[in-house]
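> here are the coordinates; sequence isn't available:
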């Protein structure tokens, strides 16, 4: 299994509070991704990174920011959590072509 | 634009029966194609991939898929379903113009009846 960890694995927070999720890899892969998974919506890309300090938006980036200051860590921040951000969040990594991605175990976030 | 369509959000088979999960894609350049499996409360796990070369690719757990360029399809099959195959399956496509991104289908939930 690819060395990907996510922390925390479960979190309950209140509306309006900031939340940071961490993804850590030991594979030295170039690309890192954050997805959210919701029933009926499949996997949706939030943000991704193609190198240290190089990030770009995905299809559902509103309300989220990311940072990648070193190869192994990719942080996802919800500046002010809302109930619509209750979801399961997955981190993934990949290297160059063919860009197959390897997924972390997920973080279940509940915003009350 | 690239896209993936998985036909059937739910598929139910009997144990021992053939599993066939359908995936059609669109890609403006040669695609890289993937199937992932997700068991409850887990992340996605790569089942198999097509990059170039042999169009019939074999993966883990007895699954295989065939790349058919003329049909823009990459259907997943397994000759004999096992109870442990019950999970959600995702087809995905990438290519050299995607900037490292995968485009995922909506997923197909496979149920296996005893």
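Perfect, thanks for sending it. Remember, it's a predicted structure, so these values are computed and weren't measured experimentally.

> need the contact list for residue 23.
Assuming you mean chain A. Counting by Cβ atoms under 8 Å, 6 or more residues apart in numbering or on different chains, residue A:23 touches A:4-6, A:32, A:34, A:73-76, A:91, A:104. C-beta: built from backbone N, CA, C; applies to glycine.

> Switch to chain B, please.
Contacts of residue B:23 by Cβ under 8 Å, 6+ apart are B:4-7, B:33, B:35, B:65, B:73-76, B:91, B:105.

> And residue A:83, its phi and psi?
Residue A:83 adopts backbone torsions of phi -60, psi -30, taken as degrees, to the nearest 10.

> burial measure for it, as a count.
By other Cβ atoms under 10 Å in any protein chain shown, 10 other residues sit near residue A:83.

> and the longest strand along chain A, what other elements does it pack with?
Longest strand of chain A, by residue count under DSSP state E: strand A:42-51. With contacts defined as 3 or more Cβ pairs under 8 Å, 6 or more residues apart in numbering or on different chains; DSSP states H and E, strand A:42-51 has these neighbours: strand A:31-38, strand A:54-57, strand A:64-70, strand A:73-78.

> Not counting its own residues, what contacts the third one?
Counting by Cβ under 8 Å, 6+ apart, strand A:64-70 makes contact with A:32, A:34, A:46-47, A:49, A:51-55, A:74-79, all of which sit outside it.

> Please report how far residue A:110 lies from residue B:25.
As for residue A:110, its distance to residue B:25 is 35 Å (criterion: Cβ to Cβ, to the nearest Å).

> Please name the nearest non-neighbouring residue to residue 68.
No chain in the question, so chain A it is. Spatial nearest neighbour of residue A:68, chain neighbours left out: residue A:49 (4.5 Å); criterion: Cβ to Cβ, 6 or more residues apart in numbering or on different chains.

> looking at chain B here, not the other one
Residue B:68 sits nearest to residue B:55 (Cβ to Cβ, 6+ apart), 7.1 Å away.

> All set now, cheers.
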